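Participant: Would you be able to build a 3D model of this:
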Amino acid sequence: MSEVFDWSFRKVVEVSASDSPTPGGGSVSALVASLGVAMTAMVCNLTIGKEKFKDVEPQAIEIRDEANEIIKKLEKLVAADIAEFGNFMSVLKLPKNTDEEKAKRTELMQKALKSATDTPLEIARTCLQALVITEKLSKIGNTMAISDAGVAAYVAEAALNAVLLSCDINIPMIKDQDYVQNVMAEKEKLVAEAKKLKDLAVATVQERMK
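Facilitator: Next comes the predicted model:
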């Protein structure tokens, strides 16, 4: 689990703004995503137990429980993203005085680059999960708080697009072109699906606020 989640919000902002390399773009994107999903959970909690929304309460409970699981997953991914940076830096410092050392360093660097790409990709997949449940919630959530479901959708899509930049910075250095092509294809699908879900959720929210 990530110790960042135990920090005060002031410390999160201060450390993120400092010259400390972590939390960096990937973990900050995951932190932001967790705030977005928290809005999804909040709207569920403001729907559950209300007579007016009794018919949709089972769905609201299901979405809330899934939102809470996504928040837990994002916490782990913040820790994973920070660990990836540490691993990358350790490999970067390996000696390269002999041909053998250079070959070993190159091999480990390629592994580190792939791993440092897989983690932000997983964060993006998790943001998409958040958008799936938020789009469902936009149709049934308490209308008095439904604007916050729209906030959740905007934030989740923004976090998804943001974290994919952490893949983009690694991709030019990865030599395995099959891996690169797979990542690029998945990125394209994630971005397109996220936009579609965000647009649907926001349109529904706008309609239900009239």
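
Participant: my guess is V32 contacts N161, does it?
Facilitator: No - applying Cβ atoms under 8 Å, one finds V32 not in contact with N161, separated by 11.1 Å. (Glycine included, C-beta is placed from N, CA and C.)

Participant: Return every residue with contacts to both of the two.
Facilitator: Counting by Cβ atoms under 8 Å, 6 or more residues apart in numbering, no residue touches both V32 and N161.

Participant: mean confidence for the lengthiest helix in the chain?
Facilitator: If you go by DSSP state H, the chain has its longest helix at helix 99-140. Helix 99-140 shows a mean pLDDT of 96.

Participant: Show me what secondary structure element comes after it.
Facilitator: helix 147-163 (DSSP states H and E).

Participant: can you list contacts of the helix or strand following that next one?
Facilitator: Moving toward the C-terminus from helix 147-163, the first helix or strand encountered (DSSP H and E) is helix 165-168. For helix 165-168, contacts defined as Cβ under 8 Å, 6+ apart pick out 24-26, 29, 81, 116-117, 119-121, 124, 183, 187.

Participant: Just name the closest of these to D148, please.
Facilitator: Closest approach between the contacts of helix 165-168 and D148, by Cβ to Cβ: S29, at 20.1 Å.

Participant: Name the SS class of the closest one, please.
Facilitator: helix (DSSP: H, G, I helix; E, B strand; the rest coil).

Participant: now stretch 198-210, how far from the centre of its chain.
Facilitator: 22 Å (Cα atoms, centre = their mean, to the nearest Å).

Participant: Go through that stretch and flag the buried ones.
Facilitator: Neighbour counts over stretch 198-210 (16 or more other Cβ atoms under 10 Å) mark 198, 200-202, 204-205, 208 as buried.

Participant: and the residues you listed, which two are the farthest apart?
Facilitator: Checking those with Cβ to Cβ, the most distant pair is K198 and R208, at 15.8 Å.

Participant: low-scoring stretches of the chain, by residue?
Facilitator: 1 (pLDDT under 70).

Participant: residues in contact with the nearest residue to K104 once chain neighbours are set aside?
Facilitator: Setting aside the residues directly before and after it, K104 is nearest to L94 in space (Cβ to Cβ, 6 or more residues apart in numbering), at 7.1 Å. Residues near L94 by Cβ under 8 Å, 6+ apart: 101, 104-105, 108.

Participant: Among these, the buried ones, what's the PyMOL command?
Facilitator: A single PyMOL command selects the buried members of the contacts of L94 (16+ other Cβ under 10 Å):
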select buried, resi 105+108
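
Participant: picking that back up, which of the contacts of helix 165-168 are buried?
Facilitator: 26, 29, 81, 116-117, 119-121, 124, 183, 187.

Participant: for those residues, which one is nearest N87?
Facilitator: N87 has its nearest neighbour among the buried ones among the contacts of helix 165-168 in A116, at 7.5 Å by Cβ to Cβ.
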